[in-house]
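**Q** Fold the following, please.
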Amino acid sequence: MSNVYTVAVVVGSLRKESINRKVARALAELAPANLKLDIVEIGDLPLYNEDIDGASPPAAYSRFRQQVSSSDAVLFVTPEYNRSVPAPMKNAIDVGSRPYGKSSWNGKPGAIISASPGAIGGFGANHHLRQSMVFLNVPLMQQPEAYLGGAGSAFDEAGKLSESVKPFLQSFINAYGQWVEQHKKV
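**A** All right, here's what the predicted structure looks like:
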């Protein structure tokens, strides 16, 4: 019997009905029994500024850090903006990595899926995010890589996941469930 691991899901798009938020919700529904996915909101995080992050950091910083720290694993679901991660995603990474030496990300098994209406599925954002995670000591799942191109057609008008995309997402989240199980055993 495996444990149930909580997964902090960070969605890089702030739009309520963004494709990436829909992907995150679909992954939560498809998740294997050993994963419980919870979206951690990032839209209220002030831009990271060490001057306001002292003895009394903003409440949003503290909330975010606590949610990530108390999770067992992290999952990033990101669009691509100008061949990189969107500013809110980068800001969340910076907020979670501070104060120095007390990173909320440290050692948490992670995975990245990028989704874009374009053909290459957010490849640039996915790989830029991987660079940051290496520095922050997040062991990222290497395979399967997950780039969802043409993501504008992954959901119908009612927001229901396309049956043609479901096997791809199911395969990804199942592999991630195994990754977390493997890396949380000590």
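**Q** Closest to the centroid, which residue in this structure?
**A** Central residue of the chain (CA atoms, centre = their mean): Phe76, 1.5 Å from the mean position.
**Q** That one and Val7: what is the separation?
**A** Distance of Phe76 to Val7, computed by CB to CB, to the nearest Å: 11 Å. Glycine gets a C-beta too; all of them are placed from N, C-alpha and C.
**Q** likewise Gly150?
**A** As judged by CB to CB, Gly150 and Val7 stand 26 Å apart.
**Q** Please say which of these two ends up with more neighbours.
**A** Val7 (27 against 13; other CB atoms under 10 Å).
**Q** Next one, pLDDT for the more buried one please.
**A** Listed pLDDT for Val7 reads 98.
**Q** so which helix or strand takes in it?
**A** Take DSSP states H and E as the rule and Val7 turns out to sit in strand 5-11.
**Q** if you go through this structure in chain order, where are the helices?
**A** Using DSSP state H, the helices found in the chain span residues 19-30, 59-69, 87-96, 123-135, 166-184.
**Q** Now do the last one, average pLDDT.
**A** Meaning helix 166-184. On average, helix 166-184 scores 96.
**Q** How about stretch 132-147?
**A** 96.
**Q** how long is it end to end?
**A** 18 Å (CA to CA, to the nearest Å).
**Q** Centre of the chain to it, how far?
**A** Stretch 132-147 sits 11 Å away from the centroid of its parent chain (CA atoms, centre = their mean, to the nearest Å).
**Q** just stretch 153-164 next, same as before
**A** Taking mean C-alpha positions (CA atoms, centre = their mean), stretch 153-164 and its chain are 21 Å apart.
**Q** same question, stretch 165-177
**A** 15 Å.
**Q** Kindly report the same for stretch 63-83.
**A** So, by CA atoms, centre = their mean, the centroid of stretch 63-83 is 4 Å from its chain's centroid.
**Q** quick one: the most far-flung residue of the chain relative to its centre from Pro99, how far?
**A** The outermost residue of the chain relative to its centre, with distances by CA atoms, centre = their mean, is Ala55 at 28.0 Å. Distance, Ala55 to Pro99, by CB to CB: 11 Å.
**Q** Check Lys108 too.
**A** In terms of CB to CB, Lys108 sits 17 Å off from Pro99.
**Q** quick one: low-confidence parts of the protein?
**A** 1-2, 185-186 (pLDDT under 70).
**Q** how about 50 then?
**A** Along the chain, segments meeting pLDDT under 50 span 1, 186.
**Q** so what does the strand holding Val7 touch, helix or strand wise?
**A** helix 19-30, strand 35-39, helix 59-69, strand 73-78, helix 166-184 (3 or more CB pairs under 8 Å, 6 or more residues apart in numbering; DSSP states H and E).
**Q** Nearest to Ala119 among those would be which one?
**A** Ala119 lies closest to helix 19-30 among the helices and strands packed on strand 5-11, at 14.4 Å (CB to CB).
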